[in-house]
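K.L.:
coords please:
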Amino acid sequence: MSQSRLKIEVARAALSEVDSGMVLGVGTGSTVNAFLDELAGSDIQLKGAVSSSRATTEKLAETGIEVMDLNHVGELELYIDGADEVDEHRRLIKGGGGALTREKIIASASRRFVCIVDESKCVKVLGDFALPVEVVPMARAFVGRKLVGLGGRPELRDGFETDNGNLILDVRNLDLLDPLKIESEINQIPGVVTCGLFARRPADRVLIAGEAGIRRLG
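P.N.:
The predicted structure is shown next:
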């Protein structure tokens, strides 16, 4: 089964997590786009959605779903998003699309976070995928040196600016055997907005599409 087909299958499976009338938190990326396409063809009628990026806001507008401000809706019942890597403890690396800060905010503001991926995203230990770190532009070099001190090899994501007006450093070679510890250490570096480790706030459930069907963690 092709990866695009697996994304459709897991997107379809995620519909069972969504109830009509809710305000839904929505992530960013191709799997989320597949989910929104499936949602548009379903009988589910949302009150609205909180978007994690400009790209998702545009997609929601195309789908006819009202985009709402998180400041005005309070705690969300559910957040749906993909991931770049997932381990068996439902900890994630996110931010390949550069929306990690808003994604982490919405995930933290939601009672439940359901992550939807295909089986290629599943790993035993996080870290094959470079860890995105969003940084304030003036702190880029300083943060880079601190990340080197943690054993990482940071590389500026060339020509990219986040929706928040910041930069992304993609960091390889970090030891992520204890992702909660590394997440805290990186987030405490002055100039870091946040990193793409979702260990402090992991997914509550992960839906994984594979050749054998849908597998669930949590």
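K.L.:
burial of residue 61, as a residue count?
P.N.:
If you count neighbours by other Cβ atoms under 10 Å, residue 61 ends up with 12. For the C-beta atoms, the positions are set from N, CA and C on the backbone; glycine is no exception.
K.L.:
that one: which element?
P.N.:
According to DSSP states H and E, residue 61 maps onto helix 54-63.
K.L.:
helices and strands around that helix, which ones?
P.N.:
helix 30-40, strand 48-51 (3 or more Cβ pairs under 8 Å, 6 or more residues apart in numbering; DSSP states H and E).
K.L.:
now the element after it, going C-ward?
P.N.:
Next along from helix 54-63, by DSSP H and E: helix 70-73.
K.L.:
and that following helix, what's buried?
P.N.:
residue 70 (16 or more other Cβ atoms under 10 Å).
K.L.:
among the helices and strands packed on helix 54-63, show me which one is buried the most.
P.N.:
strand 48-51 (a mean of 23; mean count of other Cβ atoms under 10 Å).
K.L.:
what average pLDDT does that one get?
P.N.:
Confidence for strand 48-51, expressed as mean pLDDT, is 98.
K.L.:
could I get the full set of strands for this protein?
P.N.:
23-26, 48-51, 76-81, 85-86, 92-93, 110-118, 131-135, 153-156, 167-172, 192-195, 197-198, 205-210, 213-217 (DSSP state E).
K.L.:
for residue 183, which of those is the nearest?
P.N.:
With Cβ to Cβ as the measure, strand 197-198 is the member of the strands of the chain nearest residue 183 (3.9 Å).
K.L.:
list the contacts for the residue most central in space within the chain?
P.N.:
In the chain, the residue lying closest to the centroid (Cα atoms, centre = their mean) is residue 94, at 4.5 Å. Taking Cβ atoms under 8 Å, 6 or more residues apart in numbering as the contact definition, residue 94 lies against 81, 82, 83, 84, 100, 103, 104, 132, 196, 198.
K.L.:
please name the nearest non-neighbouring residue to it.
P.N.:
residue 196 (4.9 Å; Cβ to Cβ, 6 or more residues apart in numbering).
K.L.:
got the domain boundaries for the protein?
P.N.:
3-123+200-217, 131-196 (automatic domain parsing).
K.L.:
returning to what we had before: now, which of the contacts of residue 94 sits nearest residue 113?
P.N.:
residue 81 (7.2 Å).
K.L.:
report the contact partners of the closest one.
P.N.:
25-29, 32, 52, 94, 103, 107, 113, 115-116.
K.L.:
and the helices and strands packed on helix 54-63: which comes nearest residue 173?
P.N.:
Once those are compared by Cβ to Cβ, helix 30-40 is nearest, at 26.8 Å.
K.L.:
and the angle from the closest one to strand 76-81?
P.N.:
120 degrees (axes from the mean of the first three to the mean of the last three Cα atoms, to 10 degrees).
K.L.:
quick check: mean pLDDT of helix 30-40?
P.N.:
96.
K.L.:
and the angle from that helix to helix 54-63?
P.N.:
Using the same axes, to 10 degrees: helix 30-40 against helix 54-63 is 20 degrees.
K.L.:
next, the angle strand 110-118 makes with helix 30-40.
P.N.:
110 degrees.
K.L.:
contact partners for residue 136?
P.N.:
166, 167, 191, 193.
K.L.:
turn those into a markdown table, including pLDDT.
P.N.:
What follows is the contacts of residue 136, written out as a markdown table (pLDDT from 0 to 100):
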| residue | pLDDT |
| --- | --- |
| 166 | 98 |
| 167 | 98 |
| 191 | 98 |
| 193 | 98 |
